[in-house]
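Enquirer: Here you go, sequence then predicted model.
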Amino acid sequence: MTNETLTIDWNFGNECALKCNYCNVELHDGANPFPLADKFCPAFDHLIGQTRAFSRVNLEFSGGEPTQSTSLQYVILSNTDDRVKFKLVSNGQAPVMWWKLIAYKLYALTLTYHLHTDLEHFKRVVTITRRHGLKIFVAITPDTWAAGIAAYRELRALHTDVDLQLLYSNFTRGNDQYLKYTDDQWSVYYAEKGIDVKNLQQVEQTIEFKRVNHLNNYYGHICWAGVTQIIIDNFGYVYRGWCKSNGHMGNMFDQSFRIDSRPKPCPKIQCKNGFDLQARKSEGSWGIA
């Protein structure tokens, strides 16, 4: 067994009861439902078998809304492999008892508060889960700014790690165009982030700016995505990263996935995904140190 950690980002399905109008329909229309236990449990066992070489496995589940999956709750609660640690990305709308049952099994949790949901319920969930690596975002749109700031303040009084989440108008379609926030709203956002707006232009946060200025360009660099981290899509296919370069590595549900210990050269002129950016890269192109 190595002393390395494998991080897995599993986009588990696209069922979500909220159906927010600022969220792309492909993320909540239920076209790719969460797998039932008779399909998911063997896939999970296969995954654990493929990761025996790692001293720790960080398994992150997103959706959709993963707490709507009964099979996921069962697998997390019944897991006995101490190497395997769980993280959820959730809207926090599952019943309070759901969180009480599962919170102790989580090493991390990302909750996003949506303004059309019950803030008091969300706060109860925060109270239950705040000792488990909790990160909170408050999704805020230009037309809900005042209500969003008020909710943000209430949550900041309850938990320290809370951020405003400004939204893209082309979410999942490039993520380089924000909704039409006013200059005053941007000023509030930057002030809350502790950023000096005199030294930062809004455009510098966009993918387009990074592409034009050749930032995050790892073309030809050796990339450890697929070695120390992998992603799994709605259909169970395993890829090195969300760029889905170099083809898939097999499928979790038919148990054709095999772990690979060999890093690959990056074929992309820009790394666009935050998860993929976390992977180790060589310092020079084509593996040159």
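Expert: Structure received.
Enquirer: so who does the nearest residue in space to residue 5 that is not next to it in sequence touch?
Expert: Spatial nearest neighbour of residue 5, excluding adjacent residues (C-beta to C-beta, 6 or more residues apart in numbering): residue 56 at 4.4 Å. C-beta coordinates here come from the backbone N, C-alpha and C atoms, glycine included. Residue 56 makes contacts with 4-6, 83, 85, as judged by C-beta atoms under 8 Å, 6 or more residues apart in numbering.
Enquirer: So, low pLDDT: which residues of this structure?
Expert: For the chain, applying pLDDT under 70 flags the ranges 1, 27, 30, 170-176, 197-214, 289.
Enquirer: residue ranges for the helices of it, please.
Expert: 37-50, 70-78, 96-102, 119-129, 145-158, 183-193, 207-212, 274-277 (DSSP state H).
Enquirer: Can you list phi and psi of residue 250 for me?
Expert: Phi and psi for residue 250, reported as degrees, to the nearest 10, are phi 110, psi 180.
Enquirer: ok so, going back, can I have the buried ones of the contacts of residue 56 as a PyMOL selection?
Expert: Filtering the contacts of residue 56 down to the buried ones (16 or more other C-beta atoms under 10 Å) takes a single PyMOL command:
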select buried, resi 6+83+85
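Enquirer: for this protein, what spans make up the strands?
Expert: Remark: strands assigned in the chain by DSSP state E are 5-11, 56-62, 84-90, 106-113, 134-140, 162-166, 221-223, 229-232, 238-239, 264-265, 281-285.
Enquirer: As TSV, the ones you listed with distance to residue 44 would be great.
Expert: Converted to TSV, these look like this (distance: least, C-beta to C-beta, whole Å):
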stretch	distance to residue 44
strand 5-11	10
strand 56-62	9
strand 84-90	9
strand 106-113	16
strand 134-140	24
strand 162-166	30
strand 221-223	27
strand 229-232	11
strand 238-239	13
strand 264-265	26
strand 281-285	30
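Enquirer: what's the closest of those strands to residue 45?
Expert: strand 84-90 (11.3 Å; C-beta to C-beta).
Enquirer: Which elements pack onto the closest one?
Expert: If you count contacts as 3 or more C-beta pairs under 8 Å, 6 or more residues apart in numbering; DSSP states H and E, strand 84-90 packs onto strand 56-62, strand 106-113.
Enquirer: one step back: just so I know, which of the helices of the chain lies nearest residue 137?
Expert: The nearest among the helices of the chain, by C-beta to C-beta, is helix 145-158 at 9.5 Å.
Enquirer: could you give the angle of that closest one to strand 162-166?
Expert: Here the directions of helix 145-158 and strand 162-166 differ by 160 degrees (axes from the mean of the first three to the mean of the last three C-alpha atoms, to 10 degrees).
Enquirer: let's number from 47 now, not from 1
Expert: Let's use 47 as the start, then, which means that last one is helix 191-204.
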